[in-house]
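Trainee: Got a sequence here, can you model it:
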Amino acid sequence: MNEFNFLKSLLGAKFVNHLMRDGKKVKAERILLKSLELIKKSEKVEPVEVVLKALENVKPLVEVKSVRIGGSSYQIPVPLTKHRQYSLGIRWIIDSARKRNGYSMSEKLFDEFIDASKNQGASVRRRVTLHKLADANRAFAHYRWY
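Mentor: Numbering: from 1, shown residues only. Okay, here's the model as predicted:
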């Protein structure tokens, strides 16, 4: 799959929509295409594969929800649907890229894709932190039906 087909795919469109600010969709598409071109130049693999690998490494499997029972709040681990996993993964990659120091958004997004595909970076750390929190609160999983 080349870069232009990726933009037309459901996942590519979701990336563009999360990347978009103030309704400037063309600008968001250019940023994503530029970062895919940077991946193509620097890495010897297909850029779409790098993006998919990064998303697989970032997407969480569980999240915690706050539930108030008997006057106290509990953080309850809840498994996520595939749609929610991908949505959170895309959002975390883009947020981490925005917080990076760099020259342009396409370069920051490129760096985040590369780091996430190597199981490093801020977005992967965010997933690990969430999984640790869910694991620590595993004892409250029986409250999930409240």
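
Trainee: Show me the residue sitting in the middle of the protein in space.
Mentor: G89 (2.2 Å; Cα atoms, centre = their mean).

Trainee: Would you mind measuring from it to R127?
Mentor: Distance, G89 to R127, by Cβ to Cβ, to the nearest Å: 8 Å. C-betas here are computed from N, CA, C, even on glycine.

Trainee: Now the common contact residues for the two.
Mentor: 58-60 (Cβ atoms under 8 Å, 6 or more residues apart in numbering).

Trainee: Could you export those as CSV, including secondary structure, neighbour count and pLDDT?
Mentor: Below are the shared contacts of G89 and R127 laid out as CSV (DSSP: H, G, I helix; E, B strand; the rest coil; neighbours: other Cβ atoms under 10 Å; pLDDT from 0 to 100):
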residue, secondary structure, neighbour count, pLDDT
V58, helix, 29, 95
K59, coil, 20, 95
P60, coil, 19, 96
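
Trainee: Export these as a markdown table, with columns for distance to A141.
Mentor: Below are the shared contacts of G89 and R127 laid out as a markdown table (distance: Cβ to Cβ, whole Å):
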| residue | distance to A141 |
| --- | --- |
| V58 | 24 |
| K59 | 21 |
| P60 | 16 |
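
Trainee: Nearest to I94, out of the residues you listed: which one, please.
Mentor: If you rank the shared contacts of G89 and R127 by distance to I94 using Cβ to Cβ, V58 comes first, at 10.5 Å.

Trainee: Give me the spatial nearest neighbour of the closest one, chain neighbours excluded.
Mentor: Of all residues not flanking V58 in the chain, G89 sits nearest, at 4.3 Å (Cβ to Cβ, 6 or more residues apart in numbering).

Trainee: What residues sit buried inside the helix or strand harbouring the one you found?
Mentor: Per DSSP states H and E, G89 falls inside helix 82-99. Buried positions in helix 82-99, judged by neighbour count with 16 or more other Cβ atoms under 10 Å: 85-86, 88-90, 92-94, 96-97.

Trainee: still on that earlier bit, V62 versus the residue nearest to the centre of the chain, what's the distance?
Mentor: 13 Å.
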